[in-house]
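K.L.:
I'll drop the sequence and a predicted model, then ask my questions.
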There are 2 protein chains.
Amino acid sequence: MRKLVNDPFAVVDEMLAGILVAHGDLLSRTANGRGLVLKHRSPQRRVGVIVGGGSGHEPAFFGALGRGLADGATVGNVFASPSATPAVEVARELDSDDGVLFLYGNYEGDIMNFDLAAELLADGGIASQTVLVTDDVVSAPDEPADRRGVAGDVVVFKAAGARAEEGADLAAVTAAARHANDRTRTIGVGLGPCTVPAAGRPTFELPEGEMDIGMGVHGEAGIRRGQLASADSVTDELLDTLLADRPPTDGEPLMVLVNTLGATPLMEGYIVLRRVAERLGQDGVQLHRALVGEYVTSLEMTGLSITLVHLDDELRRLMDAPAEPLAGSSFGVPR
Amino acid sequence: MRKLVNDPFAVVDEMLAGILVAHGDLLSRTANGRGLVLKHRSPQRRVGVIVGGGSGHEPAFFGALGRGLADGATVGNVFASPSATPAVEVARELDSDDGVLFLYGNYEGDIMNFDLAAELLADGGIASQTVLVTDDVVSAPDEPADRRGVAGDVVVFKAAGARAEEGADLAAVTAAARHANDRTRTIGVGLGPCTVPAAGRPTFELPEGEMDIGMGVHGEAGIRRGQLASADSVTDELLDTLLADRPPTDGEPLMVLVNTLGATPLMEGYIVLRRVAERLGQDGVQLHRALVGEYVTSLEMTGLSITLVHLDDELRRLMDAPAEPLAGSSFGVPR
C-alpha cells in the first residue's frame, strides 16, 4: 500500500482525532466517538440536518457540517455504515425544536442503522424524517427509488441545509431534500481501484488503460467496461446516459457537479466540465452553475462522476444560498 | 495512463476553458489566454497580488484568487513556468493604484519570466515587487534563500492578500509576504509518482512500499529514501527536521498545514495532523490553527507535506482574516 497509516484498523478513530484538532473550535464529538455535532448553529434553525455514512469518502460526510449545510454527522468504518448510536446521540445533542432529518445514500446497512436510530428517538419523543439519496442512474435504471446515493448527496444536503437555515419546519426541510433528490442524476466512471487499509489489497481489479462506465463509489461494477477513451468521448457517454434518464425540459437550467474521486487531479475535472458545457450549449440548455472538486471520494480511487441537477426556482434559490462547509471543496464563492 | 484527457498537449488550455465555465462570473482571462484576473475586487485594495506557476498543482494557483487572497494568476504548462506575457497582461488589467506584487515559488524558469515581466511593466510605469517563496527546508538546508517554494505558497499568498485587503501600500504588502515566508517551513514525503500527460510515463520511479523523505512537488529527490514506515514514524521524522531548522521560541504559537498531494486521501492528512498535534503538545508548543487539504498538489502524486508557520501577532491576524478562495480547500470557516 502507498498509505500513511498506523494500525489499519484504527484509521477512522485516528482520522477523527485529527479532524478534532483541525475543527475542534467548530464541532464536538459525541460520547460514542462516532458522532459529530456543529457547535454554533443559527438561532432560526428549527430542524437538525444529520448526514452520515461510511468513512473513506472524505470530505464527505463531516465536511458538509457548517452554516447553511448540515448540523450533525455520523461516521462509520471505511465503506461501512455507522451504527445507530451516534445518530441517536447527535440528534439528542442537537435538541432541535422540530426534530431531525436524516440524509444519507441508499445502502442497506445505513438504512438499517438510521431506521433503528429513528425508532429509539421516537421512543424518547424526538421526531425524525429520512430522505434517502438515490442519484446513481445506472444502479437501478428502471427503479429510481432503488438507486444508490453517490455525489448527489451534497446536492441534497445543501438543499436541506439551506431550507433549514431559512427557519423552515421539519416537513418543509424534508420536502426540500426530497425535491432536490428527485431532480438530481449522477453517473460515474472508474479508472483505477482503491485499497481499504484493513484489507491491504485493492477492492477490485481495473487494469491501466481500461475504464468502468457507471462504477459506484465503493467500486460497484458499472454498465460497461472497456478501453479507456478520450475525455470528450467518455464525457459524451456519461452525459448521454444522464440526459436519457431525464431530459431537460424547455428552459430548465441545470447545475453541474463534477466530483473527482481521490486520485484524479482537478485538472481532469475541469477538462470534463468544459465538454459538458459544450454539449449543453449545443443542446440549448442553460448551465446555471458548475462545481468541480472532491466532494464524495473513494479513498484513492481514480475516476470521477458527473451530476446534473434540474433546477426550478426553489432549487436554484437553495443551491445559491451561502454555505460554509467545514472541509473540502466549497460550493463556490458566494456572489 | 489512468487519465481523462484529450490531446495531452492541450490539457492546460482545456482545463482553463473548464475553469472559465465554473468561475467565469468571478474571473476573466487575458488576451494571451494564460492570465486570470479576479473581476470584483474590494475598493480599498491598492496593490494587485499576482501569483503563478506551472500547471499540475491545482487548485494552485488559480484557486488562490478571491477576496482576501490573490487578484490575479498566471498559468504555465504542466510543471513549467508561465511566460512573462500573462504576468504583464494581468498587471495591466488590474491597474492597481500602487502597483503589483508577484508571489511564486523559487524556481529558475519562474524567476526569469516574472523578472522579465517586471522590467516590461517598469518601462510602462507600473511598479512591481517580488517575493519568492522558499519554504522547502531540505532543498537547501544551509541557504534558506535558495530553497524551493512548495505548500508555503498558500501561507505567503494569504498573508499578502490579507494585508492588501486592509488597504496597505506596496511596501507594506511586500513586507507582509516576506515576513510570512521567513516564518514558514515545509517538508514533504513522496509515496508514489505522477505522470505528466504529454510525457505519458511516470516522472520518476518509486516502488510501492518505499518512501522519499523530502521529495519536492515535481518529484525532486529528497534526503532519504527507504521502506515506508508508519504514519506516526514518518510524521516524527518530518517534524524533527522542521523543528531543527527553526525551533519554536517560548510561547510562539504555530499554524500547521498538512497538504495532501493529488492521490493521498484526506483521511491520511488528518491522521498525520493528529500526530503533529500530539508531538507539539508534548513539547508545550501552542497549535493556533491547523489546515488539512489539497492546496498545492502534483497531479496524482501520492504523499503529503507538513508546513509549520511560526506566528507572531501580525502573522496571526493575517492568517485569521476572512478569505474566499475560488477553488480547492478553504482556509477554514471564518470564526
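P.N.:
That came in fine, so what should we check first?
K.L.:
Looks like residue A:230 contacts residue B:10 (just checking).
P.N.:
No. Counting by C-beta atoms under 8 Å, residue A:230 sits too far from residue B:10 to count as a contact (10.9 Å). (Glycine included, C-beta is placed from N, CA and C.)
K.L.:
Nearest residue to the spatially most central residue of chain A in space, ignoring adjacent ones along the chain?
P.N.:
In chain A, the residue lying closest to the centroid (C-alpha atoms, centre = their mean) is residue A:153, at 2.9 Å. Closest residue to residue A:153 apart from its sequence neighbours, by C-beta to C-beta, 6 or more residues apart in numbering or on different chains: residue A:133 at 5.0 Å.
K.L.:
Could you report the distance from that neighbour to chain B?
P.N.:
Counting by C-beta to the nearest C-beta, to the nearest Å, the separation of residue A:133 from chain B is 21 Å.
K.L.:
count of residues packed around that residue?
P.N.:
By other C-beta atoms under 10 Å in any protein chain shown, the residues close to residue A:133 number 30.
K.L.:
Please apply the same query to residue A:226.
P.N.:
Neighbours of residue A:226 under the rule other C-beta under 10 Å: 10.
K.L.:
The one 10 residues further on now?
P.N.:
Neighbour count of residue A:236, defined by other C-beta under 10 Å: 16.
K.L.:
Within range of chain B, give me the residues from the stretch 101-250 of chain A.
P.N.:
Within the stretch 101-250 of chain A, the residues that sit near chain B (C-beta under 8 Å from any C-beta of the partner chain) are A:189, A:191-192, A:208-209, A:228, A:230-232, A:234-235.
K.L.:
shaky segments in the stretch 201-335 of chain A?
P.N.:
Scanning the stretch 201-335 of chain A for pLDDT under 70 picks out the ranges A:329-335.
K.L.:
list the contacts for whichever residue of it sits closest to chain B?
P.N.:
Relative to chain B, the nearest point of the stretch 201-335 of chain A is residue A:270 (3.0 Å; C-beta to the nearest C-beta). Taking C-beta atoms under 8 Å, 6 or more residues apart in numbering or on different chains, we find residue A:270 in contact with A:258, A:292, B:14-19, B:21-22, B:58.
K.L.:
what's the answer for residue A:298, then?
P.N.:
A:56-57, A:194, A:217-219, A:261-262.
K.L.:
Double-check that residue A:102 belongs to a strand.
P.N.:
Yes. Looking at residue A:102 with DSSP: H, G, I helix; E, B strand; the rest coil, it is inside a strand.
K.L.:
ok, what's across the strand from it?
P.N.:
Note on residue A:102: beta-bridge partners residue A:50, residue A:130, judged by DSSP bridges.
K.L.:
Count the neighbours of residue A:286 for me.
P.N.:
12.
K.L.:
is it true that residue A:221 touches residue A:206?
P.N.:
No. Using C-beta under 8 Å, residue A:221 is not in contact with residue A:206; the gap is 10.0 Å.
K.L.:
and the two? which has more neighbours close in?
P.N.:
Using other C-beta under 10 Å as the criterion, residue A:221 and residue A:206 rank with residue A:206 on top: 23 against 14.
K.L.:
Phi, psi for the more buried one please.
P.N.:
As for residue A:206, its main-chain torsions (degrees, to the nearest 10) stand at phi -150, psi 100.
K.L.:
Next one: it relative to residue B:2, how far apart?
P.N.:
Note on residue A:206: its distance to residue B:2, by C-beta to C-beta, to the nearest Å, is 9 Å.
K.L.:
Mind jotting down where the helices sit in the stretch 51-200 of chain A?
P.N.:
Ranges of helices in the stretch 51-200 of chain A, per DSSP state H, counting those that start in this stretch, are A:84-94, A:108-123, A:152-165, A:170-182.
K.L.:
Alpha carbons only: can I get the longest one in PDB?
P.N.:
So the one you mean is helix A:108-123. The C-alpha coordinates for helix A:108-123 follow below in PDB (Å, rounded to 0.1, in the frame of the first residue of the first chain):
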ATOM      1  CA  GLU A 108     -28.900  -1.400   3.200                       C
ATOM      2  CA  GLY A 109     -26.600  -1.100   6.200                       C
ATOM      3  CA  ASP A 110     -27.200   2.700   6.500                       C
ATOM      4  CA  ILE A 111     -31.000   2.200   6.300                       C
ATOM      5  CA  MET A 112     -31.000  -0.400   9.000                       C
ATOM      6  CA  ASN A 113     -29.000   1.700  11.400                       C
ATOM      7  CA  PHE A 114     -30.600   5.100  10.800                       C
ATOM      8  CA  ASP A 115     -34.100   3.400  11.000                       C
ATOM      9  CA  LEU A 116     -33.100   1.900  14.300                       C
ATOM     10  CA  ALA A 117     -32.000   5.300  15.500                       C
ATOM     11  CA  ALA A 118     -35.300   6.800  14.400                       C
ATOM     12  CA  GLU A 119     -37.200   4.300  16.400                       C
ATOM     13  CA  LEU A 120     -35.100   4.900  19.500                       C
ATOM     14  CA  LEU A 121     -35.600   8.700  19.100                       C
ATOM     15  CA  ALA A 122     -39.300   8.300  18.700                       C
ATOM     16  CA  ASP A 123     -39.400   6.400  22.000                       C
END
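K.L.:
What mean pLDDT does that helix get?
P.N.:
For helix A:108-123, mean pLDDT rounds to 98.
K.L.:
Which parts of it count as buried, going by neighbours?
P.N.:
Residues A:110-111, A:113-114, A:117-118, A:120-121 are the ones in helix A:108-123 that count as buried (16 or more other C-beta atoms under 10 Å in any protein chain shown).
K.L.:
tally of neighbours for residue A:166?
P.N.:
Residues lying near residue A:166 (other C-beta under 10 Å) number 17.
K.L.:
For residue A:317, see how far away it is.
P.N.:
9 Å.
K.L.:
Going by residue numbers, what spans are strands in the stretch 201-335 of chain A?
P.N.:
With DSSP state E, counting those that start in this stretch applied, the stretch 201-335 of chain A shows strands at A:210-213, A:224-227, A:254-260, A:287-293, A:302-310, listed in chain order.
K.L.:
surely residue A:129 meets residue A:175?
P.N.:
No. Residue A:129 lies out of contact with residue A:175 (C-beta under 8 Å); the separation is 9.5 Å.
K.L.:
surely the residue nearest to the centre of chain A meets residue A:63?
P.N.:
No. Contact criterion C-beta under 8 Å: residue A:153 and residue A:63 do not qualify, at 10.9 Å.
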